[in-house]
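**Student:** following is a predicted model, sequence given first.
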Amino acid sequence: AHSAYHGIGIVKLMGRSSGFIAMQSSLASGQIDICLIPEVPFNLDGPHGVLSHLKYLTDQL
């Protein structure tokens, strides 16, 4: 978000069973650190989970 310095934004795009729109939007933006799509399984918790990576990114600020 341009209005929030070092802010975190969560965007949900249409496409319940396909991450094509989310993937293309993330690539077009060039400012996305994490893009979760249904075709690729992911874990929220744990040492290699999304939340751990998000904590790592916010600690770098």
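**Tutor:** Received, thanks. Quantities reported herein were computed from a predicted structural model and do not represent experimental measurements. Numbering: from 1, shown residues only.

**Student:** residues touching N43, list them.
**Tutor:** For N43, the set of contacting residues under the criterion of CB atoms under 8 Å, 6 or more residues apart in numbering consists of G49, V50. From N, CA and C alone the C-beta is placed, and that goes for glycine too.

**Student:** that one and L36, how far apart?
**Tutor:** Look at N43 and L36: by CB to CB, to the nearest Å, they are 11 Å apart.

**Student:** what's the overlap in contacts for those two?
**Tutor:** Between them, N43 and L36 have V50 as joint contacts when contacts are counted by CB under 8 Å, 6+ apart.

**Student:** center of this protein, which residue is that?
**Tutor:** Computing the C-alpha centroid of the chain and ranking residues by CA atoms, centre = their mean puts I34 first, at 2.6 Å.

**Student:** for that residue, which residues are in contact?
**Tutor:** Applying CB under 8 Å, 6+ apart, the residues near I34 are V50, H53, L54, L57.

**Student:** nothing else from me, thank you.
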